[in-house]
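> Could you look at this predicted model? Sequence included:
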Amino acid sequence: MPVNLDTRTIESPAATEIYISATPDQSAPPDKQAKEIFTEIADTLRSKKAAVLQERIFAVQNVMKTISDTRSKQYGALDDGVTPSLLVCTEGHSGPIAGVQVHAIAADTTPEVIDFERIRCGRILRSPDRTYLTLSNISAPDSPQPTQQAAAMLEKGEAILKQSATDMLSVARTWMWLADILSWYDDFNHVRNEFFTERGIIGQNTRQSMPASTGIGLAPADGAHCAMDLIAVLEPADSVQYLPAVGKQQCALEYGSAFSRASKATTPAAETVFVSGTASIDADGNTTNIDDAEGQINTTIENVRAVLKDMNCADSEVVQIVAYCKTTEVENILNGLKDTLPWPWLSAICDVCRPDLLFEIEAAATLKQ
């Protein structure tokens, strides 16, 4: 099969969650890569009678239209009008398309599309005792400055959650897609910290409800300075477990970044552990293995596995991985190491949040109920 398709499923009496990671045949042209990827994903979804909950596409800018058109054609009725997150990376080992990730659901109920300001931007799944919400590609590109866009993006996400009778305190996981991250990451953190403080997510007399998160140098394909994806759990209420410090690393808020190292949430068929973007950083928040790509990769993997171990997750229970590599050289080193773990690898070339960081990983693992 020319497409590398990794499908992980977890079942409960109420639902089946399906996690798909697809990477292309590197020898094929982009249009053929896209057709092969979305044909395989669509066939998988149809065979399992599943609907998409959340989807991300990692590719270079000039193939995004081809990808979007091909996806719509191959999906047909599977396309509910919610645009996947289209994330611009640098061309890497597999060519202009790095890969596609899909989280899908097969259940008695179908996800409802969330419409905000006439744009389909997310889905909500209601099942007995569980209500699960996803938002994708939330941005505010009309604001002129990156920090203004970040503030407006967070406020927009909050408004969409309120429309669904919830708020930011139900959010288990966020992704912050930041164009030109190295030029304004500190400013972004200031905006997010202020927003979280005002909403009672961080600060004195709060429960420190910081979502697990990734903040990474992938530009939204629509030209916005930033965009956000998120996952929220509405029912069971107050069921998300936030882990500001876990594994080998301390709380990121100590050096100004408001996210938990991991979170654990009730998902439609399981308990899911979301491991935040994790890098070669020590317990004091310092970068380690500077200028040593292999050392950073190995330390990052150790840090992620330490979180998984603390959460009683085995390597075989990992259902999604993204490895962010600063250069193709770093990706090539990763390719020589990754077969030692049974993870569904997908890698993208982009900047990480510090100039001296060459590598970062995020992960999700499911624990069967």
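Perfect, I can see it now.
> right, and residue 20 touches residue 43 too?
No: look at residue 20 against residue 43 with Cβ atoms under 8 Å: they stay out of range, at 10.8 Å. Using the backbone N, CA and C atoms, a C-beta is placed for each residue, glycine as well.
> Between those two, point out the one with more neighbours.
The neighbour count for residue 20 versus residue 43, taken as other Cβ atoms under 10 Å, is higher for residue 20 (26 against 12).
> Next one: that one relative to residue 272, how far apart?
15 Å (Cβ to Cβ, to the nearest Å).
> Retrieve the pLDDT associated with residue 1.
Listed pLDDT for residue 1 reads 52.
> do residue 47 as well
Residue 47 is given a pLDDT of 98.
> and it, what does it touch?
Applying Cβ atoms under 8 Å, 6 or more residues apart in numbering to residue 47 gives no contacts.
> Quick check: phi and psi at it.
Torsion angles at residue 47 (phi, psi; degrees, to the nearest 10) stand at phi -70, psi -30.
> Over to residue 38?
Dihedral angles of residue 38 (phi, psi; degrees, to the nearest 10) stand at phi -80, psi -20.
> CA atoms only: put stretch 162-169 into PDB for me.
Extracted C-alpha coordinates of stretch 162-169, given in PDB (Å, rounded to 0.1, in the frame of the first residue of the first chain):
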ATOM      1  CA  LYS A 162     -20.600  29.600  25.700                       C
ATOM      2  CA  GLN A 163     -22.800  29.000  22.700                       C
ATOM      3  CA  SER A 164     -22.600  25.300  23.700                       C
ATOM      4  CA  ALA A 165     -23.400  26.100  27.300                       C
ATOM      5  CA  THR A 166     -19.800  25.700  28.600                       C
ATOM      6  CA  ASP A 167     -16.600  27.700  29.100                       C
ATOM      7  CA  MET A 168     -12.900  27.500  29.100                       C
ATOM      8  CA  LEU A 169     -12.900  25.600  32.400                       C
END
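> What residues sit buried inside it?
Within stretch 162-169, the residues scored as buried using 16 or more other Cβ atoms under 10 Å are 164, 166, 168, 169.
> same deal with stretch 249-265?
249-253, 257-265.
> avg pLDDT for it?
93.
> and what of stretch 29-44?
On average, stretch 29-44 scores 96.
> what residue is smack in the middle of this protein?
In the chain, the centroid-proximal residue (Cα atoms, centre = their mean) is residue 175; its distance is 5.3 Å.
> Test my guess that that residue contacts residue 214.
Yes: using Cβ under 8 Å, residue 175 is in contact with residue 214, at 4.9 Å.
> Extract the residue ranges of the stretch 1-150 of the chain that are flagged as low pLDDT.
Applying pLDDT under 70 to the stretch 1-150 of the chain flags the ranges 1.
> Which residue ranges of it form strands?
4-11, 15-23, 51-59, 85-88, 97-107, 112-116, 119-127, 130-138 (DSSP state E, counting those that start in this stretch).
> Using CSV, lay out those strands together with distance to residue 188.
Below are the strands of the stretch 1-150 of the chain laid out as CSV (distance: least, Cβ to Cβ, whole Å):
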stretch, distance to residue 188
strand 4-11, 32
strand 15-23, 27
strand 51-59, 20
strand 85-88, 16
strand 97-107, 23
strand 112-116, 23
strand 119-127, 21
strand 130-138, 15
